[in-house]
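*Asks:* any chance you can model this:
(one chain, ligands or ions: 2)
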Amino acid sequence: MNAVSKTPPRLWVTTLLFSSTALAALILVPLYGIFHGYHWYQWLAFAVYGALCGFSITAGYHRLWSHRTYEAHWSLRLIFALFGAATLQNSILIWASGHRRHHRHVDDNDRDPYSAKRGFWFSHIGWMLRDYPSGKVDFSNAKDLQRDKIVMWQHNHYIPITLAMNLGLPLLAGWLTGDIIGMLLLAGVLRIVVNHHTTFFINSLAHMWGRRPYTDENTARDNDLLAFFTFGEGYHNYHHIFQTDYRNGIRWYQWDPTKWLIKTASWLGLARNLKTVPTIRIQRAILTMQFKRAEQKLQQSSHKERWRRVLEKEAQDFAAALAEWKELQSRRYENARERLLAKWESAAIRTRVKELEYSLNMQRKRLQIMMEQFHLCPVSATQ
Ligand SMILES: [Zn+2]
Ligand SMILES: [Zn+2]
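*Replies:* Numbering: from 1, shown residues only. Ligands and ions are numbered 1, 2, ... in the order given. A predicted model of the protein is given here:
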């Protein structure tokens with residue numbers, strides 16, 4: 001391979017699009033504000049339009065179409081398709097099939113389209129600026145999406161839809177309110193740039209900065225600050241291990257408005273079959289990570305032997321709980337298959353699973369206390 005073929009050809013349309021919108025947002029938007037000023041309703045249009053577009057990516061492109069974490073009524077899918085096109089992030093089909101490859105081959109520099117291991121710039125925006133082999137469009141993983149009429153309609157008419165949503169709608173709103181340029185600059189340009197980079201941060205920063213409480217098998221992180229700006233998508237460590245869950249922030253106090261939107265849509269009859277991962281699987285992931293970190297800390301502890309015995313006992317309890325859980329699962333599965341599961345037995349299994357969840361929760365707390373007592377620096381989940 002020669003030096004020329006090492007740098008793939010530049011994609012001029014995306015390069016010019018990203019640079020011109022970013023420059024306009026940095027220069028024209030403030031200049032117009034200084035010399036002309038904006039009205040409050042233009043800022044309101046920016047916020048409302050920006051939120052509709054943002055949710056169309058997080059709840060639509062991502063959690064609905066890329067991961068099928070729930071099913072949505074056609075009216076909701078149509079809204080997501082229209083406002084998703086307004087974000088200028090490509091069609092649902094291209095976006096979702098690329099994102100599925102990202103999950104399948106995460107951190108593989110040759111196959112993950114926006115592998116974070118290729119650095120911040122590449123995973124944030126660089127991957128779209130050149131024709132990299134890792135970014136080749138391939139719909140073989142998106143046959144289900146090709147059967148969705150709204151997805152295909154948006155894909156086949158992407159240019160007119162995106163022009164109507166990005167120029168037509170702000171122009172109309174500007175004409176109605178008497179300041180076309182102000183509306184185009186805020187609800188058009190600035191909104192696109194904000195929508196772009198909040199999404200892009202998930203591919204870059206959310207793979208570099210934050211905690212790894214559920215898995216360290218990949219670079220994905222949980223980051224509260226990013227979650228705030230990305231409608232809940234910042235709980236990316238959880239998302240990468242449990243991508244079929246419609247939630248990303250699973251705790252009640254975690255900021256995940258996309259989860260709240262999907263839940264509200266289900267109450268209104270616009271969404272159904274919301275998928276969640278069983279609590280016990282989540283606890284298993286957390287505890288596995290805690291044991292891993294405790295082991296690492298133990299190596300540095302001056303009271304190694306004392307702590308090793310305690311840790312071994314905890315590890316045995318953990319293994320026993322998991323074995324029992326697996327046994328309960330297979331009993332439930334076998335009985336359900338043969339339609340033999342009596343009601344009382346089903347209730348007994350559920351109760352036992354709840355007890356196991358409780359005991360794993362207690363173990364998680366014990367491990368936490370144990371690590372604090374190692375008399376070493378606290379074990380960090382950010383590694
Ligand atoms: Zn995802
Ligand atoms: Zn990711």
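
*Asks:* from Thr21, how far off is the residue nearest the centre of the chain?
*Replies:* With distances taken as Cα atoms, centre = their mean, Glu233 lies nearest the centre of the chain, 4.3 Å away. Using Cβ to Cβ, to the nearest Å, Glu233 is found at 21 Å from Thr21. Every residue, glycine included, has its C-beta placed from N, CA and C.

*Asks:* equivalent analysis for Arg211, please.
*Replies:* Here Arg211 is placed at a distance of 33 Å from Thr21 (Cβ to Cβ).

*Asks:* repeat that for Arg63.
*Replies:* Note on Arg63: its distance to Thr21, by Cβ to Cβ, is 26 Å.

*Asks:* so these two - more neighbours on which side?
*Replies:* Taking neighbours as other Cβ atoms under 10 Å, Arg63 and Thr21 compare with Arg63 leading, 29 against 19.

*Asks:* if we ignore the residues flanking it in sequence, what's nearest the more buried one?
*Replies:* Nearest residue to Arg63 in three dimensions, chain neighbours excluded: Thr69, at 4.8 Å (Cβ to Cβ, 6 or more residues apart in numbering).

*Asks:* which is the next helix or strand following the helix or strand containing Asn237?
*Replies:* Using DSSP states H and E, Asn237 sits in helix 236-241. The C-terminal neighbour of helix 236-241 among helices and strands, as given by DSSP H and E, is helix 257-267.

*Asks:* buried stuff in that following helix?
*Replies:* Pro257, Thr258, Lys259, Leu261, Ile262, Lys263, Ala265, Ser266 (16 or more other Cβ atoms under 10 Å).

*Asks:* cool, stretch 221-233 as well?
*Replies:* Applying 16+ other Cβ under 10 Å to stretch 221-233 flags Arg221, Asp222, Asn223, Leu226, Ala227, Phe229, Thr230, Phe231, Gly232, Glu233 as buried.

*Asks:* and which of the residues you listed is nearest Gly182?
*Replies:* The nearest member of these to Gly182, counting by Cβ to Cβ, is Phe229 at 24.4 Å.

*Asks:* that closest one and Thr198 touch, don't they?
*Replies:* Yes: between Phe229 and Thr198 there is a contact under Cβ atoms under 8 Å: 5.5 Å.

*Asks:* so can I have TSV of the buried residues of helix 257-267 showing distance to Val48?
*Replies:* Formatted as TSV, those follow (distance: Cβ to Cβ, whole Å):
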residue	distance to Val48
Pro257	14
Thr258	17
Lys259	20
Leu261	14
Ile262	19
Lys263	21
Ala265	18
Ser266	23
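
*Asks:* got the residues you listed as CSV, with pLDDT columns?
*Replies:* Shown next, in CSV, are the buried residues of helix 257-267 (pLDDT from 0 to 100):
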residue, pLDDT
Pro257, 98
Thr258, 98
Lys259, 98
Leu261, 98
Ile262, 98
Lys263, 98
Ala265, 98
Ser266, 98
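
*Asks:* leaving out chain neighbours, which residue sits closest to Tyr32?
*Replies:* Leu185 (5.5 Å).

*Asks:* do Leu82 as well
*Replies:* Leaving aside its chain neighbours, Leu82 sits nearest to Met165 (6.0 Å; criterion: Cβ to Cβ, 6+ apart).

*Asks:* quick check: phi and psi at the one you found.
*Replies:* Met165 adopts backbone torsions of phi -80, psi -30, taken as degrees, to the nearest 10.

*Asks:* report the helix or strand with the lowest average pLDDT across this protein.
*Replies:* For the chain, using mean pLDDT, DSSP states H and E, the weakest element among its helices and strands is helix 3-6, scoring a mean of 54.

*Asks:* next helix or strand past that helix?
*Replies:* Remark: after helix 3-6, the chain's next helix or strand is helix 12-23, criterion DSSP H and E.

*Asks:* quick one: contacts of that next one?
*Replies:* Helix 12-23 has contacts (Cβ atoms under 8 Å, 6 or more residues apart in numbering) with Leu88, Ile125, Met128, Leu129, Val189, Ile192, Val193, His196.

*Asks:* ok, now stretch 164-172?
*Replies:* For stretch 164-172, the external contacting residues (Cβ under 8 Å, 6+ apart) are 45, 49, 82-83, 85-86, 88, 180, 183-184, 187-188, 192.

*Asks:* so how far is that stretch from its chain's centroid?
*Replies:* Distance of stretch 164-172 from its chain centroid, counting by Cα atoms, centre = their mean, to the nearest Å, is 28 Å.

*Asks:* just stretch 277-296 next, same as before
*Replies:* 20 Å.

*Asks:* ok, now stretch 117-126?
*Replies:* Relative to its parent chain, stretch 117-126 has a centroid offset of 17 Å by Cα atoms, centre = their mean.

*Asks:* before we move on, what about stretch 83-93?
*Replies:* Its chain's C-alpha centre and that of stretch 83-93 lie 16 Å apart, by Cα atoms, centre = their mean.
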